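Curious how this folds, go ahead:
(one chain, ligands or ions: 1)
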Amino acid sequence: MKIQLWREKLDPYAQAVSELVIKLDNTRTEYRRKGIYCPIESVSGRVKEIPSILDKMIRKNISFDTLEAEMEDIAGIRVICQFIEDIPAAVEIIRKRTDIEVVQVKDYLNTKKESGYRSFHLVVRYTVNTMEGPKELPVEIQIRTMAMDTWATSEHFLQYKYKGGLPANVREKMAALSRATDQLDEEMMNVRRDIMDAEINSLLEINLVRDIVTEIENLYRVQNEREAMKIQNEFYRIYKLHDMNELQRFHDELDILSEDNRSQTVNFDSEPRKFEWHV
Ligand code: 0O2
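Residues are numbered from 1 along each chain as shown. As a prediction, the model looks like this:
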């Protein structure tokens, strides 16, 4: 047997995982910046641990040399959704990407595994660029709700503890917990609309406040400090009202003033105009 260079083998998978986590996380940021509800709640990833790879190699009679072709979950991405209904939307986001090719679907969402495991898996092909050139790798993307994820994480630890298989009483407890998880997910759907509205409102506030503080900072750089302070104090006064309409009105006025100020700044022939905030 020749030497098996594990690090060399696994490094491209690590690259694929970090790239995909950043890309999918960025999609989430884009939605948030636009104040749109994102079906993806969080994204994480991992490279399968070597003992886990070894166990699977033994179990499935896979050799080191054929790992790329025969083991699809060495690189794993986990996409967490708040609600079951978000899962198809998250799948759509992934399917639409041109840098990911979906090659297989494993639907443990509608067909639960015997263990009680529920999740939607996509096996995809993704290309990383290494020093040796492009390398296409399989990546498993697991998409599930927070509740499903909690169950799977706990059950995964138990699998590690009971290597030979879970004892019957533990299996029964996990099956009962799996049913409770289904119920939680079902009931979460009843409050989905409310939670989505609340989330969108909070995003609107976050984006408005971000814009406002940026505008104030920009004005401070081109105007005198006293004027910028006046505006800042007015912003804090309005913020305390917790009134989105007022905050939006303040934002729009500030926008007009900043725009006005910018046009004065680029007009080199005219005297720079003093910026006045009328309160
Ligand atoms: P780790 O440590 O995350 O790598 P098989 O592995 O033969 O059962 P297959 O077809 O190779 O199944 O892949 P499948 O079903 O997509 O499973 C791959 C991964 O899905 C697993 O990797 C787990 O992360 C998760 N998974 C699948 N079934 C279960 C389950 O019953 N319970 C839990 N907790 N997770 C599951 P690994 O290798 O198990 O773990």
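
and the gap between residue 95 and residue 124?
Noted for residue 95: a distance of 9 Å to residue 124, by C-beta to C-beta, to the nearest Å. To be clear about C-beta, it is placed using only N, CA and C from the backbone, and glycine gets the same treatment.

The two: which is more packed in?
residue 124 (24 against 13; other C-beta atoms under 10 Å).

hmm, back to that, who touches both of residue 95 and residue 124?
Common contacts of residue 95 and residue 124 (C-beta atoms under 8 Å, 6 or more residues apart in numbering): residue 102.

Can you list the buried residues in the helix or strand hosting residue 252?
According to DSSP states H and E, residue 252 maps onto helix 244-266. Within helix 244-266, the residues scored as buried using 16 or more other C-beta atoms under 10 Å are 247, 250, 251, 254, 257, 258, 261.

between those residues, which is nearest the ligand?
In terms of C-beta to the nearest ligand atom, no member of these lies closer to the ligand than residue 247, at 43.8 Å.

Not counting residues beside it along the chain, what's closest to that closest one?
Excluding its sequence neighbours, the residue lying closest to residue 247 (C-beta to C-beta, 6 or more residues apart in numbering) is residue 208, at 5.4 Å.

Tell me how many other residues surround that neighbour.
Other residues near residue 208 number 18, with proximity taken as other C-beta under 10 Å.

residue contacts, it?
Residues in contact with residue 208 (C-beta under 8 Å, 6+ apart) are 244, 247, 248, 251.

Could you tell me how far it is located from residue 228?
Per C-beta to C-beta, residue 208 is found 18 Å from residue 228.

Then residue 47?
Distance of residue 47 to residue 228, computed by C-beta to C-beta: 49 Å.

any chance of the contacts of residue 208 in CSV, plus distance to the ligand and pLDDT?
Below are those laid out as CSV (distance: C-beta to the nearest ligand atom, whole Å; pLDDT from 0 to 100):
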residue, distance to the ligand, pLDDT
244, 42, 93
247, 44, 95
248, 45, 95
251, 45, 95
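
and the two most separated of those residues?
Of all pairs drawn from the contacts of residue 208, the greatest distance, 10.1 Å, lies between 244 and 251 (C-beta to C-beta).

and after the longest strand along the chain, which helix or strand comes next?
Longest strand in the chain, counting residues (DSSP state E): strand 133-145. Per DSSP H and E, the first helix or strand lying C-terminal to strand 133-145 is helix 146-161.

How about the next helix or strand after that next one and the ligand, any contact?
Toward the C-terminus, helix 146-161 is succeeded by helix 168-190 as the next helix or strand (DSSP H and E). No: judged by C-beta under 6 Å from any ligand atom, helix 168-190 stays clear of the ligand, getting no closer than 8.9 Å.
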